[in-house]
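**Q** My questions are about this predicted structure, shown below with the sequence.
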Amino acid sequence: MLRNGLQPWHLLILAVVVIAVFGSKKLPDTARALGKSMRILKSEARAMKDESTP
């Protein structure tokens, strides 16, 4: 049943559902917050890697 994984139309349906749930006004703020969180996570992971290297 899931042999082919995600097809492009699956992603389209997912995008429509996300827009319907969150609304188009909150999506830019949500994307900005997600980007900020990813940058923080990346910098923390890099700091931990640098810390463990002798």
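**A** Arrived safely, thanks for sending.
**Q** Now find how far off-centre the helix or strand containing Ile13 is within its chain.
**A** Ile13 is located in helix 8-22, with elements delineated by DSSP states H and E. Using CA atoms, centre = their mean, to the nearest Å, the distance from the centre of helix 8-22 to the centre of the chain it belongs to is 14 Å.
**Q** which parts of the very next helix or strand once past it are buried?
**A** Counting by DSSP H and E, the element after helix 8-22 in chain order, helix or strand, is helix 27-52. Within helix 27-52, no residue counts as buried by 16 or more other CB atoms under 10 Å. The C-beta positions use only the backbone N, C-alpha and C, and glycine is treated the same way.
**Q** centroid residue for this protein?
**A** Centroid-nearest residue in the chain: Leu34, 6.4 Å away (criterion: CA atoms, centre = their mean).
**Q** any idea how far it lies from Leu27?
**A** As for Leu34, its distance to Leu27 is 10 Å (criterion: CB to CB, to the nearest Å).
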